[in-house]
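[1] no FASTA, just this:
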């Protein structure tokens, strides 16, 4: 069976699968450039490519970012890191999620950089790498108020003075995660930044040099320059979306992903006739219904039933009835020229109209992250322009 997630030209032939995601690598480059414009000289970019690069295809996105000068990638899990290594990526890869003791040998074997979230993990890793000729790099995660993974600020200085860090491990990075950088009230975020900076000062006073200090996610990159440190961790903004309402700090981002499908049938529905499961939509007039081969099995959420829309012939066609596992129905009564084979844009632009992942998020009462990450790997990812050779 062919690998449907591999890069290809974005030209869609008549024999192509009806539902495809088109990834604009020029938009990715544009968004990275916009991030870099916000940073002080010497501030590095640790590009976040977890969750299959937010549904955009981690391998091709990572290769493109490396070609654009990115020198550090961030993933969430061991498997994500191994995938990049097996694809030939040589740049440092930070595994930002917690690793259990039995996962550490594979992390070391693939030269992945672990995040230390509790003191026992440092000792476990040090035992594993004690015979290596050079100290093994790690990043220390500090919980300054997120309430998730990480050491307390008070635990960090003594750990950095402990035996594992006397030649076996090297504290390459110090990191924290901001809980409310996209919130309206800055007070909590400023308090987190202050705690983190205080810890930095303690570490520096103790004579411990940590080259990569990073706290800023996409929202903080825009709103809190004091959080930038020596590196930042853009995620969603690389893929073309703001995490906060557009305001004075906004920068022009371009969505990287568009999602297209094709009409597989158009049928007439009489008044009183229902469409789909549970008779959730009943025609009140003579109607024309277009059937699309996409559903919640592809990550197109069932909560879009009777709420969402797609673009057909540059016009919004509302979803009617329940989104099914493999199919979705839309009302094209007001677009009489629609016929089988026509392209429907699920995410993206058609004519003067656009539907974004933000629109889908609003219809689902969620966030663009979830919309993009949910897109199934069974949907082919096609890239334009075609990726450069590795």
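    That came through fine. This is a predicted model, so every value here is computed, not measured.
[2] What residues sit buried inside stretch 355-366?
    In terms of neighbour count (16 or more other CB atoms under 10 Å), stretch 355-366 has its buried residues at 355, 356, 357, 358, 359, 360, 361, 363, 364. For glycine as for every other residue, the C-beta is placed from the backbone atoms N, C-alpha and C.
[3] so what's residue 78 up against?
    Taking CB atoms under 8 Å, 6 or more residues apart in numbering as the criterion, residue 78 is in contact with 95, 99, 103, 106, 107, 112.
[4] so how far is residue 122 from it?
    Distance, residue 78 to residue 122, by CB to CB, to the nearest Å: 17 Å.
[5] Next: residue 335.
    The value you get for residue 335 to residue 122, if CB to CB is used, is 61 Å.
[6] So which of these two has more stuff around it?
    residue 122 (24 against 18; other CB atoms under 10 Å).
[7] Next, the more buried one: phi, psi?
    For residue 122, the backbone dihedrals (degrees, to the nearest 10) come out as phi -60, psi -40.
[8] pretty sure it contacts residue 159?
    Yes - look at residue 122 against residue 159 with CB atoms under 8 Å: they come within range, at 6.2 Å.
[9] so what sits against both of those two?
    116, 165.
[10] what bridges to residue 383?
    Bridge pairing for residue 383 (DSSP bridges) gives the partners residue 9, residue 23.
[11] ok, now residue 331?
    If you apply DSSP bridges, the partners that residue 331 bridges to are residue 289.
[12] follow-up on the earlier one: would you turn the contacts of residue 78 into JSON lines with pLDDT?
    Converted to JSON lines, the contacts of residue 78 look like this (pLDDT from 0 to 100):
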{"residue": "95", "pLDDT": "98"}
{"residue": "99", "pLDDT": "96"}
{"residue": "103", "pLDDT": "98"}
{"residue": "106", "pLDDT": "98"}
{"residue": "107", "pLDDT": "98"}
{"residue": "112", "pLDDT": "98"}
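[13] Can you select the buried ones among those for me in ChimeraX?
    The following ChimeraX line selects those of the contacts of residue 78 that are buried, judged by 16+ other CB under 10 Å:
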select :95,99,103,107,112
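[14] Just give me the closest of the contacts of residue 78 to residue 330.
    residue 95 (41.5 Å; CB to CB).
[15] do you know how far that closest one is from residue 81?
    On the measure of CB to CB, residue 95 and residue 81 end up 5 Å apart.
[16] go on, residue 374?
    According to CB to CB, residue 374 stands 22 Å off from residue 81.
[17] Which one's more surrounded, those two?
    residue 81 (30 against 17).
[18] now that one, nearest residue through space, not along the chain?
    In space, and not counting its chain neighbours, residue 81 is closest to residue 112: 4.2 Å by CB to CB, 6 or more residues apart in numbering.
[19] For that neighbour, give me its contacts.
    78, 81, 82, 85, 93, 94, 95.
[20] can you check residue 20 too?
    Residue 20 touches 12, 259, 260, 261, 379, 380, 381, 382, counting by CB under 8 Å, 6+ apart.
[21] thinking again about what came up before, make CSV from the contacts of residue 78 and add distance to residue 33 to it.
    CSV is the format used below for the contacts of residue 78 (distance: CB to CB, whole Å):
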residue, distance to residue 33
95, 27
99, 33
103, 36
106, 35
107, 32
112, 28
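[22] Measure how buried residue 207 is and give me the count.
    7.
[23] Secondary structure of it: a helix, I assume?
    No - going by DSSP: H, G, I helix; E, B strand; the rest coil, the assignment for residue 207 is coil, not a helix.
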